[in-house]
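A.B. asks: Below are the sequence and a predicted model; questions follow.
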Amino acid sequence: KAGVTQTPRYLIKTRGQQVTLSCSPISGHRSVSWYQQTPGQGLQFLFEYFSETQRNKGNFPGRFSGRQFSNSRSEMNVSTLELGDSALYLCASSQGGASQPQHFGDGTRLSIL
Amino acid sequence: DAKTTQPNSMESNEEEPVHLPCNHSTISGTDYIHWYRQLPSQGPEYVIHGLTSNVNNRMASLAIAEDRKSSTLILHRATLRDAAVYYCSVNAGGTSYGKLTFGQGTILTVHP
C-alpha cells in the first residue's frame, strides 16, 4: 500500500513570493491534515480537510490556505512568504476521527531567503 | 487543547526495555492518546494509540494511567533502529477534527 506522498521535497523561495505544496494521501483516506515543524515551535497543526471541506484550522495567519480535491489530494498555499515561514511542512492522512491514526509523508522542506 | 509534557531525552541499552513517559494532565474524556516517532529527514511514524485501556501492537505497548493524566510508551526490547524522537500527542474528539497536539518530544538514544 503506497504511503503519503508530498511534493516537492525541497523548495527555496524568497520573501514576498508565494508557494504551493502538494500532498497525495493513502488510497481510501478522506482526511488530510497539514502541520508545520520548526526547531523552536515543534509540530503545529495548520488545518484539516475532509471530503473537500476544511473542518478545522490552527492558529496561523490567513496567508496560509489549503484545499482538497475530489480525489482527496490536497494542496497548501502560502502567500507573501516571510523568513519565519522556513520550516518542514508535513501532511498526514487518515480515515478521519480522533480514534484513527494519522500517516505522515516525509514533508516539504521550505527555505526562505 | 490538552497539552503534553515529555522529558527532553532518555537513554537505553540495546535489548533492554524502555519506558517513555508523557504527562497530559488536561486531557478530556474523549481525547485519544497517540504516539509517533520521527527519524531525521523523515515524517513522524505512527507507533500506537489508545483511549483508556492499555494497548499492545507489534511495535510497542501503551500503558494509560487510570486517571488518564499520564501514559507510558513501552518498547520491550530496544534496538538501534528505535533511536528516534518520540512524540506523545493528543487527538481531541468533538470538533477538533484531524488535529494532533504534540509535545516537544523525547530524544531516545540507544547504546549498543
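C.D. replies: Perfect, I can see it now. Keep in mind that this is a model prediction, so the values were computed, not measured.

A.B. asks: for chain A, what are the nearby residues on chain B?
C.D. replies: Along chain B, the residues adjacent to chain A under the rule CB under 8 Å from any CB of the partner chain are B:30-32, B:34, B:36, B:41-46, B:49, B:51, B:87, B:91-93, B:95-105. Glycine gets a C-beta too; all of them are placed from N, C-alpha and C.

A.B. asks: from those, which would you call buried?
C.D. replies: Neighbour counting by 16 or more other CB atoms under 10 Å in any protein chain shown classes B:31-32, B:34, B:36, B:43-44, B:46, B:49, B:51, B:87, B:91-92, B:96-105 among those as buried.

A.B. asks: tell me the contacts of the residue nearest to B:His76 when sequence neighbours are not counted?
C.D. replies: Excluding its sequence neighbours, the residue lying closest to B:His76 (CB to CB, 6 or more residues apart in numbering or on different chains) is B:Pro17, at 5.5 Å. When contacts are counted by CB atoms under 8 Å, 6 or more residues apart in numbering or on different chains, B:Pro17 touches B:Ile74, B:Leu75, B:His76, B:Arg77, B:Ala78.

A.B. asks: Would you quantify the distance from the residue lying closest to the fourth one once chain neighbours are set aside to A:Gln100?
C.D. replies: By the measure of CB to CB, 6+ apart, the closest residue to B:Arg77 outside its immediate chain neighbours is B:Glu15, 5.1 Å from it. Remark: distance between B:Glu15 and A:Gln100 (CB to CB, to the nearest Å) = 33 Å.

A.B. asks: Those two - which one has more neighbours?
C.D. replies: Neighbour totals were compared for B:Glu15 and A:Gln100, and A:Gln100 leads with 18 against 11 (other CB atoms under 10 Å in any protein chain shown).

A.B. asks: For chain A, name the helix or strand with the lowest mean pLDDT.
C.D. replies: Every helix and strand in chain A was compared by mean pLDDT, DSSP states H and E; the lowest is strand A:53-57, with a mean of 93.

A.B. asks: Chain neighbours aside, what residue packs nearest to residue 80?
C.D. replies: By default, I'm working from chain A. A:Arg63 (5.5 Å).

A.B. asks: not quite, I wanted chain B
C.D. replies: B:Val110 (5.4 Å).

A.B. asks: Would you agree that neighbour falls within a helix?
C.D. replies: No - going by DSSP: H, G, I helix; E, B strand; the rest coil, the assignment for B:Val110 is strand, not a helix.

A.B. asks: Quick check: bridge partners of the closest residue to chain B within chain A?
C.D. replies: Relative to chain B, the nearest point of chain A is A:Glu48 (2.9 Å; CB to the nearest CB). Counting by DSSP bridges, A:Glu48 forms beta bridges with A:Ser33, A:Asn56.
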